[in-house]
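**Q** using only what follows, build the 3D model:
(2 chains)
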Amino acid sequence: MGAIYKREMRAFFTSPIAYIYLAIFYVISAFYFVGNNIMGATTDMSYAFLGIFMIIMLFIPLLTMRLMSDEKKQKTDQGLLTAPVNLAEIVLGKFFAAATVFVIGMAIYIPYILVLLSLAGGLNWAAVIGNFVGLLLVGTSFISIGLFVSSLTEIQIVAAIVSLLINFLLYMIDIFASRVSFAPLKQVMVAVGFYNRYTEFTQGILNITSVVFFISVIFIFNFLTVRVLERRRWS
Amino acid sequence: MIEVKNLTKHYGAKKAVDNISFTVNDGEILGFLGPNGAGKSTTMNILTGYISSTDGEVLINGIDILDNPTAAKKEIGYLPEIPPLYPDMSVREYLNFVYDLKKCKIPREAHIEDVCKLVKITDVYDRLIKHLSKGYRQRVGMAQALIGNPKILILDEPTVGLDPKQILDIRNLIKRLGKKHTVILSSHILSEIQAVCDRIVIISKGTIVADDTTENLTKTVSDDLRYTARIDGPRDEIIKLIKGIKGVEDVTAEMEREPGAFDYEIEVEENSDIRRELFKRLAERNWYMLGLKSNEMTLEDIFLKITMGSDVKVGTKPVDEKTQRELMEQVSGAVLAADAVSNMKKSDDGAEPESESDGGDE
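**A** Residues are numbered from 1 along each chain as shown, chains lettered A, B, ... in the order given. Below you'll find the model as predicted:
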């Protein structure tokens, strides 16, 4: 796993991808932070975190699109799959590399918090922690979805667009659910929606169901990616 | 040691590999020969665990590749048809990555340096792979396979894209590695397989059509089937004369190579040596033989014959050793004893200086 993780980290930072992603993340998060907290003179960061949801939904596919599809296209998967490593190591190495870039993006909130602390002198720490946990869970969920989609195609841009559509659906499904009158369907839709669960986190509510939900999403999609690699051998 | 038993691979309805079995012993270099699409790469991909077989068993040093893939893969160094190189990495970074990937225990720096020296890529060590020529990439691919000193090397067309000097280097390297490793090498270049391998497996349409030592195969195919004679004299009468010799099946004379002299392509039956008789009869009529050459059947011929299915039925079932022999004999025709060429030299008795067909320019 270590070898793959290291290689992916290197690939992120020798290509423009990580820089583009981080630049977008930093600029938009700064925009929300300044707009809400500095201009609005409040220590409530929930709006700043809420706004960033759209950004990770749109741009995480940029981080994940290449991960699997490119290996297949360049035939380098042959090197990985004939090396003495198991498939889970390959998938997790890539997952953690993308997650690391994501966390490097998230780290920008630390200086923001320090700025708030120096200006206001105190913070609602429960809310801050909730925001961090929520953002981390949603982000890594999007990564595992993007990684899975990337394993289904050889073409990066297809991987990016399809995972973007899935992310968008998971965002919109809460809004659709409010229009559905058939109760069981409505329940399912609410259960799989990302946005309402994330909103809760930004308000400082640490809902264990939601934590379990996102961890399950990560687990399931990484597992599915392993299955895709496995199945390719048998086809 | 690699044991392959009744290996079959279907792609949908198409059988890419059909029930093949063979064994490669320790320290043996096995040549895997076949036209494109014969199933060479598929077989190699199965041996290395990249794809799975539909049916059958592969044992790598006694370990089943499907039951215990990680342990089996540890034994193998694999160079696929397209080397699995990351163009955005330098050779140094790439080989270090492979070293980590294979979880090697050998001292890193020294080992990677050794491998680089072995395949002669030390001078491009710090260059990006995307800037390397095809020959260098192929050798980096080779280096990648050698990292970790695996006991078994599986090389899919290792000399593709190399220049003649590099091809020689790689061949010598493979020969040297063959002393300590078990090597499977695929190619559609026969001379290469002949030069390097101890044993040859010929595969066509997913089945093994021949499996024998290089020596035996070469011996079988050096038996003669055809002669080319350059004779100065009236063409039609000479054709009639040659056809009158016992054992001659067909004569054609298409090419007038010198004024009045044609090259006669003579096909003979099995075990017929017509050379002495031909010489005698021509001498009686005072026609001059300017050259006589027995056309040895090359591996190319046998390969084409076997794989094109002409004259020979390509079995749909694996052939056991005996039928393989018969098949080879059938193909080569076994017209003359293998020492026909040396006989020729002895028996020409100086009556006419022995001349090859190209001796006509004397």
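**Q** what's near enough to touch the residue of the stretch 201-350 of chain B found nearest chain A?
**A** Residue of the stretch 201-350 of chain B nearest chain A, by C-beta to the nearest C-beta: residue B:206 (17.3 Å). All C-beta spots, glycine's among them, are computed from the backbone N, C-alpha and C. Contact analysis of residue B:206 by C-beta atoms under 8 Å, 6 or more residues apart in numbering or on different chains lists B:9, B:15-18, B:20, B:38-39, B:42.
**Q** residue B:73 versus residue B:151, what's the distance?
**A** 12 Å (C-beta to C-beta, to the nearest Å).
**Q** which of these two has more residues huddled nearby?
**A** residue B:73 (24 against 16; other C-beta atoms under 10 Å in any protein chain shown).
**Q** how about that one, secondary structure?
**A** Following DSSP: H, G, I helix; E, B strand; the rest coil, residue B:73 is assigned to helix.
**Q** top helix in the chain by residue count?
**A** Since you didn't name a chain, this refers to chain A. Identified as the longest helix of chain A according to DSSP state H is helix A:46-74.
**Q** chain B, not that one
**A** Under DSSP H, chain B gives helix B:164-180 as its longest helix.
**Q** what sits against residue A:66?
**A** Going by C-beta under 8 Å, 6+ apart, residue A:66 touches A:11, A:17, A:150, A:156, A:159.
**Q** near chain B, which residues of chain A?
**A** Residues of chain A lying close to chain B by C-beta under 8 Å from any C-beta of the partner chain are A:2-4, A:6-7, A:10-11, A:14-15, A:74-86, A:232-235.
**Q** one more time with 7 Å
**A** Residues of chain A lying close to chain B (C-beta under 7 Å from any C-beta of the partner chain) are A:2-3, A:6-7, A:11, A:14-15, A:75-76, A:78-79, A:81-86, A:233-234.
**Q** if any of these are buried, give me the ChimeraX selection for them.
**A** For the buried members of the residues of chain A next to chain B, the matching ChimeraX selection, counting by 16 or more other C-beta atoms under 10 Å in any protein chain shown, is:
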select /A:3,6,7,11,76,78,79,81,82,83,84,85,233
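**Q** show me the residues of chain A next to chain B that map onto helices.
**A** Those of these lying in helices (DSSP H): A:2-3, A:6-7, A:11, A:14, A:78-79, A:81, A:233-234.
**Q** closest one of the contacts of residue B:206 to chain A?
**A** Closest approach to chain A among the contacts of residue B:206 (C-beta to the nearest C-beta): residue B:9, at 10.4 Å.
**Q** partner strands of the host helix or strand of the closest one, parallel or antiparallel?
**A** Element membership of residue B:9 [criterion: DSSP states H and E] is strand B:2-11. Strand pairing for strand B:2-11, using DSSP bridges, gives strand B:14-24 (antiparallel), strand B:55-60 (antiparallel).
**Q** need those strands in a markdown table (columns: mean pLDDT).
**A** Converted to a markdown table, these look like this (pLDDT from 0 to 100):
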| stretch | mean pLDDT |
| --- | --- |
| strand B:14-24 | 90 |
| strand B:55-60 | 92 |
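**Q** looking at those strands, which is nearest to residue B:199?
**A** For these, the distance to residue B:199 is smallest for strand B:14-24, at 7.8 Å, taking C-beta to C-beta.
**Q** now do the next helix or strand after the closest one and helix B:164-180, the angle between them.
**A** Sequence-wise, the next helix or strand downstream of strand B:14-24 (DSSP H and E) is strand B:29-33. Angle between the axes of strand B:29-33 and helix B:164-180 is 130 degrees (criterion: axes from the mean of the first three to the mean of the last three C-alpha atoms, to 10 degrees).
**Q** elements contacting strand B:29-33?
**A** strand B:182-187, helix B:190-196, strand B:199-204 (3 or more C-beta pairs under 7 Å, 6 or more residues apart in numbering or on different chains; DSSP states H and E).
**Q** got these as JSON lines, with mean pLDDT and mean neighbour count columns?
**A** Formatted as JSON lines, the helices and strands packed on strand B:29-33 follow (pLDDT from 0 to 100; neighbours: other C-beta atoms under 10 Å in any protein chain shown):
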{"stretch": "strand B:182-187", "mean pLDDT": "91", "mean neighbour count": "25"}
{"stretch": "helix B:190-196", "mean pLDDT": "82", "mean neighbour count": "19"}
{"stretch": "strand B:199-204", "mean pLDDT": "88", "mean neighbour count": "24"}
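**Q** can you say which of those is nearest to residue B:245?
**A** Minimum separation from residue B:245 across these (C-beta to C-beta) falls at helix B:190-196, 32.5 Å.
**Q** now do that closest one: which elements does it pack against?
**A** strand B:29-33, helix B:164-180, helix B:299-308.
**Q** so what are the sheet partners of the shortest one and their directions?
**A** With DSSP bridges as the criterion, the sheet partners recorded for strand B:29-33 are strand B:182-187 (parallel), strand B:199-204 (parallel).
**Q** separation between the one residue sitting closest to the centre of chain A and chain B?
**A** For chain A, the residue sitting closest to the mean C-alpha position, by C-alpha atoms, centre = their mean, is residue A:139 at 2.2 Å. Relative to chain B, residue A:139 is positioned 25 Å away (C-beta to the nearest C-beta, to the nearest Å).
**Q** and the ones in helices among the residues of chain A next to chain B, which is closest to residue B:271?
**A** Lowest distance from residue B:271 to those (C-beta to C-beta) belongs to residue A:78, with 49.6 Å.
**Q** let me see the contact set for the closest residue to residue B:2 other than its chain neighbours.
**A** If the residues on either side of it in the chain are set aside, residue B:2 comes closest to residue B:24, at 4.3 Å by C-beta to C-beta, 6 or more residues apart in numbering or on different chains. For residue B:24, the contacting residues are B:1-2, B:30, B:182, B:184, by C-beta atoms under 7 Å, 6 or more residues apart in numbering or on different chains.
**Q** I am finished for the moment; much appreciated.
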